[in-house]
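A.B. asks: here's a sequence, model it:
(one chain, ligands or ions: 1)
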Amino acid sequence: MASMTANVLRLALAGLLCGAIAAPSVAQEEKTAKQLFGAQTLPNGGAANPIGFYAKGCMSGAVALPADGPTWQAMRLSRNRRWGNPAMISFLKGFSGDAAQLGWGNGILVGDISQPRGGPMITGHASHQIGLDADIWFTPKPAAPLTVAEREAMPFTSMLDKSKFLTVDPRRWSPTHAKLLMLAASYPQVERVFVNPAIKKKMCETWTGDRSLLGKLRPVYGHDEHFHIRLFCPPGAANCEKQAAVAKGDGCDKSLAWWFTKEPWAAPKPPDPTKKPVKPRQVMLADLPKACAAVLAAPARPGMADALGANAANSPVVPQPSEPVMSGEDVPLPSPRPSR
Ligand SMILES: [Zn+2]
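C.D. replies: This next block holds a predicted model:
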């Protein structure tokens, strides 16, 4: 009897030890989805396929926006986030030409699109995961092309007067800014255009053209130095999850007025000291659509490394006149955060 108890104890102890050794090492080795997708430098092959939702998914068969085009330049090349669904890349090329025609400088400066295989990112952005979101700077492409180094360092210009609460700075905003946003909203493949609430308000107060498209301009935190274009799921993209349609009307209503209350800007409540702090759970690969594991595991599409050429930090740097002043892109989001 005594020896049996001892055996049971020994077994129990062995179990405890195994548990104590094995469990934490597995947890440490398991990388988060943003670490896995953030480590990808090239897209996989196969057909272009947005998988999942804008804020929870990945992308197969991405193509890169060339770093330089006649009416665009891609910014912050070191981030390697100029990959998108072909529908987004061809949209950006067309939009950039139309923007230049409109009088928006020599075209557009393009910020982040997506990582080579989409997915969550280590820094910035809840969305941009399926190659159908792109950020456009509120600064036109200058006449003299920006060097790679300038594209890294050029600061952002906010359209807001930061000495006031949610107010567009009339010294920076112009009717061409307004026309550019409405041009973006005018394409049938554009689903939403995200802008700062102050910019949406300015548009509501001043836009005298067709107001039926104003509803596509959606107010959200940040987005005062760039605006964000979201495309509909392309036709036939069976794994792409649609977003609920924007409400009818121009959106110059209660939903906009809410942004000018205290609620969206209130500091998060301090944690309850009587409760154990809850660590926010990280998004893991298993949380994304199943097909994203195959996207991650697939070999890189041959020939794609060339697209990275212009990302090289050692590209020749030609001195250029300095550019206007701006501030950081990845604005921390206060809570609560409404659905976009
Ligand atoms: Zn964005």
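A.B. asks: skip the chain neighbours and tell me the closest residue to whatever residue of the stretch 151-300 of the chain ends up closest to the ion.
C.D. replies: Of all residues in the stretch 151-300 of the chain, His228 sits closest to the ion, at 3.5 Å by C-beta to the ion. Backbone N, C-alpha and C define where each C-beta goes, glycine included. The spatially closest residue to His228, leaving aside those adjacent along the chain, is Phe194, at 4.0 Å (C-beta to C-beta, 6 or more residues apart in numbering).
A.B. asks: residues of the stretch 151-300 of the chain that sit close to the ion?
C.D. replies: His228 (C-beta under 5 Å from the ion).
A.B. asks: for the stretch 51-200 of the chain, what spans make up the strands?
C.D. replies: All strands of the stretch 51-200 of the chain, identified by DSSP state E, counting those that start in this stretch, fall at 56-60, 63-64, 68-69, 72-74, 83-84, 108-110, 133-137, 190-195.
A.B. asks: need the contact partners of the longest one.
C.D. replies: Strand 190-195 is contacted from outside by 91, 181, 184-185, 203, 216-220, 223, 227-232, 243, 246, 340, using C-beta atoms under 8 Å, 6 or more residues apart in numbering.
A.B. asks: then that strand to PDB, C-alphas only?
C.D. replies: Extracted as PDB, the C-alpha positions of strand 190-195 are listed here (Å, rounded to 0.1, in the frame of the first residue of the first chain):
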ATOM      1  CA  VAL A 190     -13.900  52.200 -54.000                       C
ATOM      2  CA  GLU A 191     -15.800  51.000 -51.000                       C
ATOM      3  CA  ARG A 192     -14.800  53.600 -48.400                       C
ATOM      4  CA  VAL A 193     -12.400  56.500 -47.900                       C
ATOM      5  CA  PHE A 194     -11.200  57.000 -44.300                       C
ATOM      6  CA  VAL A 195     -10.500  60.500 -43.200                       C
END
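A.B. asks: beta partners for the residue nearest to His228?
C.D. replies: Note on Phe194: beta-bridge partners by DSSP bridges are Arg218, His228.
A.B. asks: give me the nearest residue to Pro140, chain neighbours excluded.
C.D. replies: Here the residue nearest Pro140, using C-beta to C-beta, 6+ apart, is Gly105, at 2.5 Å.
A.B. asks: identify the residues contacting that neighbour.
C.D. replies: Neighbours of Gly105 in contact, by C-beta under 8 Å, 6+ apart: 140-143.
A.B. asks: get me the contact residues on the stretch 1-150 of the chain for the ion.
C.D. replies: So far as C-beta under 5 Å from the ion goes, the stretch 1-150 of the chain lies against the ion at Asp135.
A.B. asks: in the stretch 1-150 of the chain, which residue sits closest to the ion?
C.D. replies: Asp135 (4.2 Å).
A.B. asks: does that residue touch Gly111 like I think?
C.D. replies: Yes - look at Asp135 against Gly111 with C-beta atoms under 8 Å: they come within range, at 3.4 Å.
A.B. asks: pLDDT of stretch 129-144, averaged?
C.D. replies: Averaged over stretch 129-144, pLDDT sits at 98.
A.B. asks: I should have written stretch 244-256 there, sorry.
C.D. replies: On average, stretch 244-256 scores 95.
A.B. asks: and that stretch, what's buried?
C.D. replies: Buried residues in stretch 244-256, counted by 16 or more other C-beta atoms under 10 Å: 250-252, 256.
A.B. asks: what does it rub up against?
C.D. replies: 191-192, 197, 200-201, 204, 211-212, 214-219.
A.B. asks: show me what counts as buried in stretch 135-150.
C.D. replies: 135-142, 146-150.
A.B. asks: that one spans what distance, first to last residue?
C.D. replies: 18 Å (C-alpha to C-alpha, to the nearest Å).
A.B. asks: can you give me how far that stretch is from the chain middle?
C.D. replies: 19 Å (C-alpha atoms, centre = their mean, to the nearest Å).
A.B. asks: cool, and stretch 70-79?
C.D. replies: Worked out by C-alpha atoms, centre = their mean, stretch 70-79 lies 15 Å from the chain centre.
A.B. asks: could I get it in CSV with only the CA atoms?
C.D. replies: Extracted in CSV, the C-alpha atoms of stretch 70-79 (Å, rounded to 0.1, in the frame of the first residue of the first chain):
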residue,chain,number,x,y,z
PRO,A,70,4.9,58.7,-64.0
THR,A,71,2.3,60.0,-61.5
TRP,A,72,3.2,58.3,-58.2
GLN,A,73,6.0,57.4,-55.8
ALA,A,74,5.8,54.8,-53.1
MET,A,75,7.0,56.1,-49.7
ARG,A,76,8.9,54.4,-46.9
LEU,A,77,10.2,51.6,-49.1
SER,A,78,12.1,49.9,-46.2
ARG,A,79,8.7,48.9,-44.8
